[in-house]
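Novice: Sharing a model prediction with you, sequence too.
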There are 2 protein chains.
Amino acid sequence: MDGTPDAMIAAMGARARAAARVLAATPTAVKQHAIAEAAEALRVAQPAILEANAADMAQATAAGLSPAMLDRLRLDPSRIAAMADGVAAVAGLADPVGAIIDETVRPNGLALARVRVPIGVIGIVYESRPNVTADAAALCIGSGNAAILRGGSEARRSNAAIHAGLAAGLAAGGLPHDSVQLVATTDRAAVGAMLSAEGVIDLVIPRGGKGLVARVQAEARIPVLAHLDGINHVYVDASAEPAMAAAIVRDAKMRRTGVCGAMETLLIDRAYPAARALVAALRATGCEVRGDAAVLALDPAILPATEADWDTEYLDAIASVALVGGVAGAIAHIARHGSHHTDAIVAEDAGVAERFLAEVDSAIVLWNASTQFADGGEFGLGAEIGIATGRLHARGPVALEGLTTYKWVGKGAGQVRG
Amino acid sequence: MDGTPDAMIAAMGARARAAARVLAATPTAVKQHAIAEAAEALRVAQPAILEANAADMAQATAAGLSPAMLDRLRLDPSRIAAMADGVAAVAGLADPVGAIIDETVRPNGLALARVRVPIGVIGIVYESRPNVTADAAALCIGSGNAAILRGGSEARRSNAAIHAGLAAGLAAGGLPHDSVQLVATTDRAAVGAMLSAEGVIDLVIPRGGKGLVARVQAEARIPVLAHLDGINHVYVDASAEPAMAAAIVRDAKMRRTGVCGAMETLLIDRAYPAARALVAALRATGCEVRGDAAVLALDPAILPATEADWDTEYLDAIASVALVGGVAGAIAHIARHGSHHTDAIVAEDAGVAERFLAEVDSAIVLWNASTQFADGGEFGLGAEIGIATGRLHARGPVALEGLTTYKWVGKGAGQVRG
């Protein structure tokens, strides 16, 4: 290796590819056992992880990181236990590898099946939360992929300690040593090398804030599974049941305001009779409301929304609210301002609801349910590596299946095309 | 529009997006009827298409294009009839849109389904064969997508005439006018604008030679569904039945040498007793054989293979041949030199064959069948927009289903996450 970031990633990638070949052929029980071993190894490594984290925290505190960033970086025994529990949970998930998607026998007798296989080598680029080291690695291994992890520089020691525990557990479980590799350098050029590693890394998944995801999408020469903004809408139709509408709107906005499934914009049918009470109920939760002219007319104390509000992911106790002309108006507003993440309708009229579900072009569309259900666990996937807002390969919550692809397997008896 | 290629593609893209919204909600019967109308319109437009093609051919001949390129460009009544038949065949394919991939009811009563939906706006960039204008458009429409087509400059008039017929037929069938748009300019910058049209074009599919595909992959800022090389292998195991092996090898190499499913390298188990006869049978078809040292020992008249031969897609009556150490040797050779397209094993030993099928990492793996079956029609897809050699979204032959994605549709009764 000539010491450049490209050469380093190429060398790690070659080792990862060799590991991926072994992992692709590893039986489910062996993978699951190794993941359980890794969870146990994380528990055993708790003292080393806490020591490494204390050093990272000291440096980050001295460097003046914000309280929010320090909180993301901080580990304690309960957070390490939760991390180990998360890894152990992946050991219990159904293995998608080997599943037959569909099969057919052609008129010439050739039997064809599409069989799920791992993607191969997956790169994960993430920021300060060190638990991603364990979460992402477990999901990659559970789906038969090798992983190359690149965490944030401020979590360097924590990530290394977590990775050491994890790798020891996976090796004890019989998996290749290079199944999960951690990029040791904090040189930013290493990320660039990962993003341009065509044929070396098959897929890169950014985990972090908008800045990171946008950089990865802008620079990547390899496929990206990315979650960008969640500018999510709840549309309350004229036919909505008012108590249900108020409950869903409150939950969608205020249960947790910082998650990507939170509602950012409330759209109310002009014909909805309880609009004033709905806005009041939202304001009563402590949410700041920014309204269009029609909403301001309901309550002059409401702040006026600017054009930028409709395109803003607040991730805070703020909502933009507009009155729209029925479901068609809601669909048009979402088409213009939405981010293809999660949008919901509250309605008793099934025809209106079905139109919304069909025509709103988002990864997740919901009828009479809160947008805060946008989550792999809530969807029954048992875990989540992210919520994809792209259109190809996998959409919405992604867990093990989204980390696989398929191959066509054909079995003949000497058929030639002739 | 300010007249730049970017502005032109942005404007076409906005029209395509509006059309895509309509197409996504268009019933199967309407789409199929419109495609049948388009096929009929192509037949009616035959005189105009022939006249346009004659002008293209005259210019191309004067410009000194190669006979092979002139043949690809040339249309005649039978080729136009075949093109119309191909479009009509798409009208008969099953519509993937609306199909439910899977569904579940969560413990809280939330009913979730993954429902197939069109991708949205698909860009097709292609070279001299004008029939792609019709083929690709029909597959996009059949899967509910809007299409933006950019053909080769030498086929400009032919493509315009085909597009005019097609668009008239689709419009007569009730589809939006902008369902299929043709980029009128032959300015190469228009391709660059398509490849960087993030959020405007959802997927770009290159159709043409290696140079075009490589340029698209290198420049694209949007997802690409690409077929690169088909460096395909046939491995003949010690357990192979000799007559079957010879028949499959002959067909895989020589049925048509210029197709991407053609065999380029023959791997023979060192323990296969009929290696000399197999190589002789291949040479007897007129195929040039380039062998490694062990193959040269079978027949000194064989040409020696260089290291580059193992990585070469000849697309000609040439094959590289190596002796390998059993199935493990074959798998290792393919891992090093293959292009993840199509690889086959000839063997009577089922255990050996299953290992090959599991461990060879290609879009298509075949047991006792010719690699020349790598084709959407042969796989029962009814058509093919290409054979994808990437790993994500769709792999191998891609027809209508590969041009769709899915959304999560959730139906509740007022569930909040709480």
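Specialist: Nice, thanks for sending it over.
Novice: CA only for contacts and neighbour counts going forward, please
Specialist: Fine.
Novice: Listing request: residues of chain A with sub-threshold pLDDT.
Specialist: Scanning chain A for pLDDT under 70 picks out the ranges A:1-2.
Novice: domains for chain A, by residue range?
Specialist: According to automatic domain parsing, chain A comprises the domains A:5-226+A:397-409, A:232-373.
Novice: Distance to chain B added to these, as JSON lines?
Specialist: Listed next are the domains of chain A as JSON lines, based on distance: least, Cα to the nearest Cα, whole Å:
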{"stretch": "domain A:5-226+A:397-409", "distance to chain B": "5"}
{"stretch": "domain A:232-373", "distance to chain B": "5"}
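Novice: I'd like these as CSV, with mean neighbour count appended.
Specialist: Listed next are the domains of chain A as CSV, based on neighbours: other Cα atoms under 10 Å in any protein chain shown:
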stretch, mean neighbour count
domain A:5-226+A:397-409, 21
domain A:232-373, 22
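Novice: So which of the ones you listed is nearest B:Ile122?
Specialist: domain A:232-373 (15.6 Å; Cα to Cα).
Novice: for the domains of chain A, which one sits closest to B:Gly410?
Specialist: Here domain A:232-373 is closest among the domains of chain A (Cα to Cα), at 4.5 Å.
Novice: roughly how far out does the closest one sit from the chain middle?
Specialist: Centroid separation for domain A:232-373 versus its chain: 23 Å, with Cα atoms, centre = their mean, to the nearest Å.
Novice: same deal with stretch A:72-85?
Specialist: With Cα atoms, centre = their mean, you get 19 Å for stretch A:72-85.
Novice: Stretch A:7-18 too?
Specialist: 25 Å.
Novice: Quick one: residues in contact with it.
Specialist: Residues external to stretch A:7-18 that are found in contact with it (Cα atoms under 8 Å, 6 or more residues apart in numbering or on different chains): A:1-2, A:120-121, A:146-148, A:178-181, A:190, A:193-194, A:197, A:200-201.
Novice: Among the residues you listed, which lie within helices?
Specialist: A:190, A:193-194 (DSSP state H).
Novice: State the number of residues packed around the residue of chain A found nearest chain B.
Specialist: Here chain A gets closest to chain B at one residue, A:His393, 3.7 Å apart by Cα to the nearest Cα. Using other Cα atoms under 10 Å in any protein chain shown, A:His393 has 19 neighbouring residues.
Novice: Can you verify A:Ala344 is assigned to a strand?
Specialist: Yes: residue state for A:Ala344 (DSSP: H, G, I helix; E, B strand; the rest coil) corresponds to a strand.
Novice: contacting residues around it?
Specialist: A:233-235, A:365-371.
Novice: same check, this time on A:Asp229
Specialist: So A:Asp229 contacts A:210, A:260, A:313, A:339, A:341 (Cα under 8 Å, 6+ apart).
Novice: Secondary structure and distance to B:Ile318 for these - can I get that in CSV?
Specialist: Shown next, in CSV, are these (DSSP: H, G, I helix; E, B strand; the rest coil; distance: Cα to Cα, whole Å):
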residue, secondary structure, distance to B:Ile318
A:Lys210, helix, 52
A:Cys260, coil, 56
A:Glu313, coil, 59
A:Ser339, coil, 52
A:His341, coil, 51
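Novice: quick one: which of the residues you listed is nearest to A:Gly386?
Specialist: Nearest member of these to A:Gly386, counting by Cα to Cα, is A:Cys260, at 10.0 Å.
Novice: need the helices for the stretch 51-200 of chain A, in chain order.
Specialist: All helices of the stretch 51-200 of chain A, identified by DSSP state H, counting those that start in this stretch, fall at A:67-73, A:77-91, A:131-142, A:156-172, A:189-195.
Novice: how far out from the middle of the chain is the fourth one?
Specialist: In this view, helix A:156-172 has its centroid 23 Å away from the chain centroid, taken as Cα atoms, centre = their mean.
Novice: Go through chain A and flag its longest strand.
Specialist: strand A:404-415 (DSSP state E).
Novice: I'd like to know which elements that strand is packed against.
Specialist: strand A:111-118, helix B:242-254, strand B:364-369 (3 or more Cα pairs under 8 Å, 6 or more residues apart in numbering or on different chains; DSSP states H and E).
Novice: With distance to A:Ala82 added, can I get these in TSV?
Specialist: Conversion of the helices and strands packed on strand A:404-415 to TSV gives the following (distance: least, Cα to Cα, whole Å):
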stretch	distance to A:Ala82
strand A:111-118	27
helix B:242-254	55
strand B:364-369	41
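Novice: coming back round to it: okay, the angle between the longest strand of chain A and strand B:364-369?
Specialist: 20 degrees (axes from the mean of the first three to the mean of the last three Cα atoms, to 10 degrees).
Novice: what lines up beside strand A:404-415 in the sheet?
Specialist: Using DSSP bridges, strand A:404-415 pairs in its sheet with strand A:111-118 (antiparallel), strand B:364-369 (parallel).
Novice: residue contacts, the nearest residue to A:Gln415 once chain neighbours are set aside?
Specialist: Leaving aside its sequence neighbours, A:Gln415 sits nearest to B:Ala369 (Cα to Cα, 6 or more residues apart in numbering or on different chains; 4.7 Å). The contact partners of B:Ala369, taken as Cα under 8 Å, 6+ apart, are A:110, A:410-416, B:248, B:344-346.
Novice: Let me see the contact set for the nearest residue to A:Asn145 once chain neighbours are set aside.
Specialist: Excluding its sequence neighbours, the residue lying closest to A:Asn145 (Cα to Cα, 6+ apart) is A:Gly120, at 5.0 Å. Neighbouring residues of A:Gly120 by Cα under 8 Å, 6+ apart: A:17, A:20-21, A:24, A:144-146, A:201-202.
Novice: So A:Gly120 versus A:Ala18, what's the distance?
Specialist: Distance from A:Gly120 to A:Ala18, counting by Cα to Cα, to the nearest Å: 10 Å.
Novice: With distance to B:His33 added, can I get the domains of chain A in CSV?
Specialist: Listed next are these as CSV, based on distance: least, Cα to Cα, whole Å:
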stretch, distance to B:His33
domain A:5-226+A:397-409, 28
domain A:232-373, 22
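Novice: Out of those domains, flag the one nearest B:Ile35.
Specialist: Closest among the domains of chain A, using Cα to Cα: domain A:232-373, at 22.5 Å.
Novice: Kindly check the end-to-end length of the closest one for me.
Specialist: 12 Å.
Novice: Stretch A:379-397 now?
Specialist: One end of stretch A:379-397 sits 8 Å from the other (Cα to Cα).
Novice: And the contacts of it?
Specialist: A:89-90, A:93, A:135-136, A:139, A:207, A:225-228, A:339-341, A:362-364, A:373-377, A:398-400, A:402, B:106, B:112, B:119, B:202, B:223, B:392-394, B:405-408.
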